[in-house]
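>>> Got a predicted structure plus its sequence, pasted below:
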Amino acid sequence: MSQDSQHGKWTLSSSDSEDEDFRSAPSKSSDRQLQKEPPGIEEDSKEFVQKSDSLLNRGIKIEPPPLTSTPAIGSEARKAAHYNQQNPVKFETKGPSPAVKRKNESEDCGWALSSSDDEGSDPAVGSQTKTRSPSPKRKKVEEKRPESPHGASYFKEEPKEFFETSLPPADNTFRFYLTKVTGIEKKYNTGALHIKEILSPLFGTLKESVQFNYCFDVPWMVQQYPPEFRDKPVMIVHGDKREAKARLIQQAQPYAHVRFCQAKLDIAFGTHHTKMMLLWYEEGFRVVILTSNLIRADWYQKTQGLWMSPLYPRLPEGSPDTAGESPTNFKRDLIEYLGAYRAPELSEWIERIKEHDLSETRVYLIGSTPGRFLGDDMERWGHLKLRKLLREHTRPILGEEAWPVVGQFSSIGSMGADKTKWLAAEFQRTLMTLGASRKSSASPDTPMHLVYPNVENVRTSLEGYPAGGSLPYSIQTAQKQLWLHSYFHRWSAEGTGRTHAMPHIKTYMRVSPDFTELAWFLVTSANLSKAAWGALEKNNTQMMVRSYELGVLYLPSAYNMTKFKVQQNPFPATGPSTSFPLPFDLPPQPYSSKDQPWIWNIPYTQAPDTHGNVWVPS
């Protein structure tokens, strides 16, 4: 079956993966059905999770049952990347078709993508399908399966000069950083940060930390801490359930200093997608809000971004609860966000935050937490929180209708049959808000540019086609919203040296018609989806949010500016600048009639990628 559009012809696969950040959503199912246990969950795994929760709280470890999957990969799309890296199909002009070759290889090694479309199906691991005649050979492959989603030999060790030995001369004005990328010119990493640097003594003497994220490789994460901090207590805040949760606990068995906090996900298809570090030092406290999962692939050859807070000093003993607040109310909003988890494990951290001075913070916190919200609570989370802040802390601009809104992301949810269902009716209206003027709907004169990699971006990337495993836009979603693709623009980042480092960063902004100024800028974990940003219900009287997300909003007023100047060439970073360092090029270039948005679950066999392979999802 094929689907034609102005951006090419698609071949449908039988795999069904839809909506925000990699979770599959059945097209016909009631909420009651969605809450049922998915097929294939083993009873001993469920029992292990229940026992683990009880015994770990008492400091007792138990051995997990045997698990037949890899460490966390994070999604159906990442499973495809893992599988294609493990079993690449070389580009050939003769011989059997890639599809036939892939089928033969699948039968040999026993690997295939899961076809499950149940909400409860485990998104965090590769799946293994049994053939009619199991053999010892398959078990051997199982035992040798590497922990990396890209394969044991894919990653190259970075040279010592890759890492900073002193504080990076980055832009301290905005405290916005890109992460380092392996395989690009050195100057484009000067001032960028790697996770090893973030956790190093360069920034403080670490006593304890919390890692909020969607996808974890616990052994790899532990190795990123320097040896002197490697046994300091770490809490992992995650959203895994059932087998995925058992697998996460199993990964941490060798590490007595690692504890867990499970985020409550009470609404179907929601994810714990927030990416944040809380770092408690002898010298104070720090917050890092970022876009990278805690797996090596996300810190290797992808474009990622982060905001790193100043080092917050401890307040004097006896300070009032209102002390240490910033003009952006960051302290209040961070405490409110952590409180929304309703998790006793985080109460100690809430108290620590209260004891520190966060007054130097200049960014605003934009969070999403699962729930249905009424009245004033509707503006606490998601895009309505963003709308509220833009209304209260920006001013109208002369000729603002000509100022485009730009959104850039790595995953796309279901937008509806046309733009009026959510994109224009809600989200674009939020992004267009400037000051207190209340417009009934998005102005048709205001351009909206959506930046998302096309197939050629992915094919020619540093990772090749497997980079598409972190861009999980499914054919099942895409074919229902062809109207959306007229908004799409190519990924290009020549100014930061990252054109070939596929974006996992998510950014939104309002930019001047000549693309030299910004009215505001947001970096966040939230992709383009209703699950992440929330959607209005019941005649706009209720806001429903499915997922946990977190980002920071930069407003010129917090920096005593009227607008931000766009920094054209932010690398190499040599010191503070009053211009804002954008991660990609402006103006964005629209798709041509031949461009296709990257769709992760269909084959690409007409041309090889940078590693000489083609992409054939099973």
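Received the coordinates, thanks. In this text the structure is predicted, and so the values were computed from the model without any measurement.
>>> tally of neighbours for Pro254?
10 (other C-beta atoms under 10 Å). C-beta here means a position set from N, CA and C on the backbone, and glycine is covered the same way.
>>> try the one 10 residues further on
Counted with other C-beta under 10 Å, the burial measure for Lys264 works out to 16 neighbours.
>>> Would you agree Arg247 falls within a helix?
Yes: the assignment for Arg247, made by DSSP: H, G, I helix; E, B strand; the rest coil, places it in a helix.
>>> roughly how far apart are it and Asn560?
49 Å (C-beta to C-beta, to the nearest Å).
>>> Between those two, point out the one with more neighbours.
Arg247 (23 against 7).
>>> quick one: contacts of stretch 558-578?
Applying C-beta atoms under 8 Å, 6 or more residues apart in numbering, the contact partners of stretch 558-578 are 168-174, 187-192, 327-328, 362-364, 393, 395, 495-497, 511-512, 515-521, 554, 556, 579-582, 586.
>>> Buried only: go through those for me.
The neighbour-count test (16 or more other C-beta atoms under 10 Å) marks 168, 170-171, 174, 188-192, 328, 362-364, 393, 495-497, 511-512, 515, 517-521, 554, 556, 579-582, 586 as buried among the contacts of stretch 558-578.
>>> Dump stretch 608-618 to CSV, keeping only the CA atoms.
Extracted C-alpha coordinates of stretch 608-618, given in CSV (Å, rounded to 0.1, in the frame of the first residue of the first chain):
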residue,chain,number,x,y,z
PRO,A,608,22.9,4.0,0.9
ASP,A,609,23.5,6.0,4.1
THR,A,610,26.9,7.3,5.3
HIS,A,611,27.7,3.7,6.5
GLY,A,612,26.7,2.1,3.2
ASN,A,613,23.5,0.6,4.6
VAL,A,614,19.8,0.9,3.8
TRP,A,615,16.9,1.0,6.2
VAL,A,616,14.5,-1.9,6.2
PRO,A,617,12.3,-2.1,9.3
SER,A,618,11.0,-5.6,10.1
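>>> Give me the buried stretch members for that stretch, please.
Pro608, Asp609, His611, Asn613, Val614, Trp615, Val616, Pro617, Ser618.
>>> Which members of those residues occur in strands, if any?
Asn613, Val614 (DSSP state E).
>>> Gly382: which of the buried residues of stretch 608-618 is nearest?
Of all the buried residues of stretch 608-618, Gly382 sits closest to Pro617, with 31.8 Å by C-beta to C-beta.
>>> Against Asn84, how distant is that closest one?
Counting by C-beta to C-beta, the gap from Pro617 to Asn84 is 8 Å.
>>> Counting neighbours, show which residues of stretch 407-418 come out buried.
Per 16+ other C-beta under 10 Å, stretch 407-418 contains these buried residues: Gly407, Gln408, Phe409, Ser410, Ser411, Ile412, Gly413, Ser414, Met415, Gly416.
>>> If I look at the second one, what pLDDT would I see?
This means Gln408. On pLDDT, Gln408 comes in at 98.
>>> List the beta-bridge partners for the nearest residue to it once chain neighbours are set aside.
Leaving aside its sequence neighbours, Gln408 sits nearest to Val451 (C-beta to C-beta, 6 or more residues apart in numbering; 3.9 Å). Counting by DSSP bridges, Val451 is bridged to Gln408, His489.
>>> and Val451, what pLDDT?
On the pLDDT scale, Val451 gets 98.
>>> can you pull the contacts of it?
Counting by C-beta under 8 Å, 6+ apart, Val451 has contacts Val406, Gly407, Gln408, Phe409, Phe488, His489, Arg490, Trp491, Pro503, Phe584, Pro588.
>>> That one and Arg332: what is the separation?
32 Å.
>>> Same check on Gln301?
38 Å.
>>> These two: which has the busier surroundings?
Set side by side, Gln301 and Arg332 show more neighbours around Gln301, with 25 against 15, by other C-beta under 10 Å.
>>> Much appreciated, bye for now.
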